[in-house]
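>>> Model the structure of this input:
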Amino acid sequence: MRNSKDLGSLEHHQGAITDLDFIRDEAGLPAYLISGSEDTNLCIWKTGNWAHLQTLEGHKKPVVSLTAHPTGSLALSVATDAGVILWDLATAKRAAKMRLSDGAPERIRFTPEGDEFLAAIGKQ
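Predicted coordinates:
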């Protein structure tokens, strides 16, 4: 960490950032960053200059986890109320919404192929 340097900051959320994921371009390079927050929103940032491009609003409770689809065209997010939103990133609109019956997961991820998603729900 001696050679670390500040590349920018993400200063649009009104709460703590709870998860981050890169959205990759056709070459597999990180082109955008998507962030989720306790403020219930997701934000899309341009890598390089870290400019805020879009805010996605739709959750009623804090965002716990998010994941970008391998194609970069979709994202999934889940909130503390177990509400899951599928986002169309081309339009920055909600494409679908569902509620998980077993409670809010700690993590949500697309499979590498992007045809399914996994939700890690901690039960004791």
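>>> Tell me, how many residues neighbour S101?
6 (other Cβ atoms under 10 Å). (Glycine included, C-beta is placed from N, CA and C.)
>>> I should have written L10 there, sorry.
For L10, the neighbour count with other Cβ under 10 Å is 14.
>>> Then G114?
Neighbour number of G114 under other Cβ under 10 Å is 15.
>>> can you tell me which residues contact it?
Going by Cβ atoms under 8 Å, 6 or more residues apart in numbering, G114 touches H69, P70, T71, L74.
>>> Of those, keep whichever come out buried.
Neighbour-count burial within the contacts of G114 applies to H69, P70, L74; the criterion is 16 or more other Cβ atoms under 10 Å.
>>> If you count contacts, what does the lowest-mean-pLDDT helix or strand in the chain end up packed against?
When each helix and strand of the chain is scored by mean pLDDT, DSSP states H and E, strand 117-120 comes last, with a mean of 90. Where contact means 3 or more Cβ pairs under 8 Å, 6 or more residues apart in numbering; DSSP states H and E, strand 117-120 is packed against strand 107-110.
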